[in-house]
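> Need the 3D shape of this:
(chains A, B, C and D)
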Number of protein chains: 2
Amino acid sequence: MDEFIEYILQFGNLNKQQVDLIRGKATEMELRKDEYYWEAGKAVKQIGFITSGVLRVYYYNNKGEEITRYFVDENHLILSGNTVDEVFMPSEYLSAITDCKLVVFSKQNWKDISATIIGWDTIIQKIITKHHSEKITRRSELVSQDGTERYVDFIDKFPTLVNRVPLSYIASYLGVTQSSLSRIRKNIR
Amino acid sequence: MDEFIEYILQFGNLNKQQVDLIRGKATEMELRKDEYYWEAGKAVKQIGFITSGVLRVYYYNNKGEEITRYFVDENHLILSGNTVDEVFMPSEYLSAITDCKLVVFSKQNWKDISATIIGWDTIIQKIITKHHSEKITRRSELVSQDGTERYVDFIDKFPTLVNRVPLSYIASYLGVTQSSLSRIRKNIR
DNA sequence: GAAACCATTTGCCATTTGACAAAAAGTGAT
DNA sequence: ATCACTTTTTGTCAAATGGCAAATGGTTTC
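Just a heads-up that it's a prediction; the model follows:
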């Protein structure tokens, strides 16, 4: 819970009263390894923030292969879609790679916060924008890199993930086969 | 100009008075082939909408290679950063591949529109969100495709660009070398 | 500890792609 | 038509990667 408050405070100021309001609207929950946070085609009813653990977003391409699009770890907000008013129906899966702890808000509670705290929407908007640019930048870089560069950069950017995420998921995220990645790792040492 | 109004109307309603306001705040301008719309490190002072022509966004990677991140063609809004209030300092270049016609708004005029038309910010937010997801999706797909798939998909998604954009830019966008792409094209025929 | 299970590494070979250089095709100006 | 210039294609070879299958390593369960 505290992690979430701290996270939000990086993007804007809140007074004690506002912090208390947020605390009151939050629920803590856990997700076990391999459980879904959301599934393609099933409406998402809450907004979540990860306080511990790692999840991954993945989808199936037109050849039926499972592709990991990105990882989500501690201290990240999961903003399903953008708006609370519309139903958000994901086309991807989001599932736990490890056991996770989350802080979640029902859509109604989230709306209440947004209606009560002036500037809340602006804060969230900033976060969304930041996430988007980071994702675009990261995925873009991969396109023009070879396997080794992709992996070296990955280690560099996500040092805490390397040892917690199965190789096959990293390989899929990087767009190389698992065996290639295994060889790349051997060459790097 | 009409193209811009029509574009905006796809995302929300405007009455005649509002449309007139927008028209009054807009300026038409042209950009010749190879001229910059913006340059890395130089503050961007306007918001633009392309009515004809193609531009490309590119940057230099850590090896000094020029990488095309994406193309921007007719009927697209160029939203520098997200907010009008902060100075937007791009880290990339945006330059015209062909002669272009644009509709532009000064930051002040854009602010005026935003302050006058209720719902304007929501419309713009929708557009930004749409752009972001499209970019992430496209760039992501490339990562797990081989050269041929990348090119076939490109033709499929941007049929109007293939014949207007030099091969070297397409190759860079797709993350393959120009000679590979040339061979890929030969094999496809 | 053995068995079952899952993750990772390795071997082998075919295919793809990159690097580099030269040739061919296309474009524009005179 | 010619020359200068740019873009695209092609040739050759080396390196990187994929596909497939087997081997190895690790973990969990009984």
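
> Pull out the buried residues from stretch A:120-139.
Under the neighbour-count criterion of 16 or more other Cβ atoms under 10 Å in any protein chain shown, stretch A:120-139 has A:120, A:123-125, A:127-129, A:131-132, A:135-136, A:138-139 buried. Where C-beta positions appear, they are placed from N, C-alpha and C, glycine not excepted.

> which of the residues you listed come close to DNA strand D?
By Cβ under 7 Å from any atom of the strand, no member of the buried residues of stretch A:120-139 lies near DNA strand D.

> Secondary structure added to the residues you listed, as CSV?
Listed next are those as CSV, based on DSSP: H, G, I helix; E, B strand; the rest coil:
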residue, secondary structure
A:Trp120, helix
A:Ile123, helix
A:Ile124, helix
A:Gln125, helix
A:Ile127, helix
A:Ile128, helix
A:Thr129, helix
A:His131, helix
A:His132, helix
A:Lys135, helix
A:Ile136, helix
A:Arg138, helix
A:Arg139, helix
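
> Which two among those residues are spaced furthest apart?
Greatest spacing in the buried residues of stretch A:120-139, by Cβ to Cβ: A:Trp120 and A:Arg139 (28.8 Å).

> What's the end-to-end length of stretch A:169-184?
Using Cα to Cα, to the nearest Å, one end of stretch A:169-184 lies 15 Å from the other.

> same check, this time on stretch A:57-71
6 Å.

> In chain A, mark out all the helices, start to finish.
With helices called from DSSP state H, chain A shows them at A:2-9, A:16-25, A:107-116, A:120-143, A:147-157, A:167-174, A:178-188.

> By mean pLDDT, show me the worst of the ones you listed.
Sorting those by mean pLDDT places helix A:120-143 lowest, at a mean of 91.

> check whether that helix contacts chain B.
Yes: using Cβ under 8 Å from any Cβ of the partner chain, helix A:120-143 reaches chain B at A:Gln125, A:Ile128, A:Thr129, A:His132, A:Lys135, A:Ile136, A:Arg139, A:Ser140, A:Glu141, A:Leu142, A:Val143.

> quick check, nearest of those residues to DNA strand C?
Using Cβ to the nearest atom of the strand, A:Val143 comes nearest to DNA strand C of the residues of helix A:120-143 next to chain B, at 9.8 Å.

> what's the domain layout of chain A?
Using automatic domain parsing, the domain parsing of chain A gives A:2-129, A:145-189.

> Out of these, which is closest to DNA strand C?
Closest approach to DNA strand C among the domains of chain A (Cβ to the nearest atom of the strand): domain A:145-189, 3.3 Å.

> if you skip the residues just before and after it, what's nearest to the residue most central in space within chain A?
The geometric centre of chain A, computed from its C-alpha atoms, lies nearest to A:Val72 (Cα atoms, centre = their mean), at 3.2 Å. Leaving aside its sequence neighbours, A:Val72 sits nearest to A:Leu55 (Cβ to Cβ, 6 or more residues apart in numbering or on different chains; 4.7 Å).

> pretty sure that neighbour contacts A:Tyr93?
No: contact criterion Cβ atoms under 8 Å: A:Leu55 and A:Tyr93 do not qualify, at 9.8 Å.

> For those two, indicate the residue with more neighbours.
Using other Cβ atoms under 10 Å in any protein chain shown, the more surrounded residue of A:Leu55 and A:Tyr93 is A:Leu55, with 26 against 21.

> quick one, what contacts the more buried one?
By Cβ atoms under 8 Å, 6 or more residues apart in numbering or on different chains, A:Leu55 lies in contact with A:Leu31, A:Tyr37, A:Phe71, A:Val72, A:Asp73, A:Leu94, A:Ser95, A:Ala96, A:Ile97, A:Cys100.

> how deep is the fifth one tucked in, by neighbour count?
In terms of burial, A:Asp73 registers 19 neighbours under the definition other Cβ under 10 Å.

> Then the second one?
Around A:Tyr37 there are 23 other residues, counting by other Cβ under 10 Å.

> Next one, pLDDT for it please.
We have a pLDDT of 94 for A:Tyr37.

> And for the fourth one?
The confidence metric pLDDT takes the value 95 at A:Val72.

> wouldn't it be in contact with A:Val54 here?
Yes: using Cβ under 8 Å, A:Val72 is in contact with A:Val54, at 7.1 Å.

> what residues does chain A put near DNA strand C?
So chain A meets DNA strand C at A:Asp146, A:Pro166, A:Leu167, A:Ser168, A:Gln178, A:Ser179, A:Leu181, A:Ser182, A:Arg183, A:Arg185, A:Lys186 (Cβ under 7 Å from any atom of the strand).

> Show me just the buried residues among those.
Buried members of the residues of chain A next to DNA strand C, scored by 16+ other Cβ under 10 Å, are A:Leu181.
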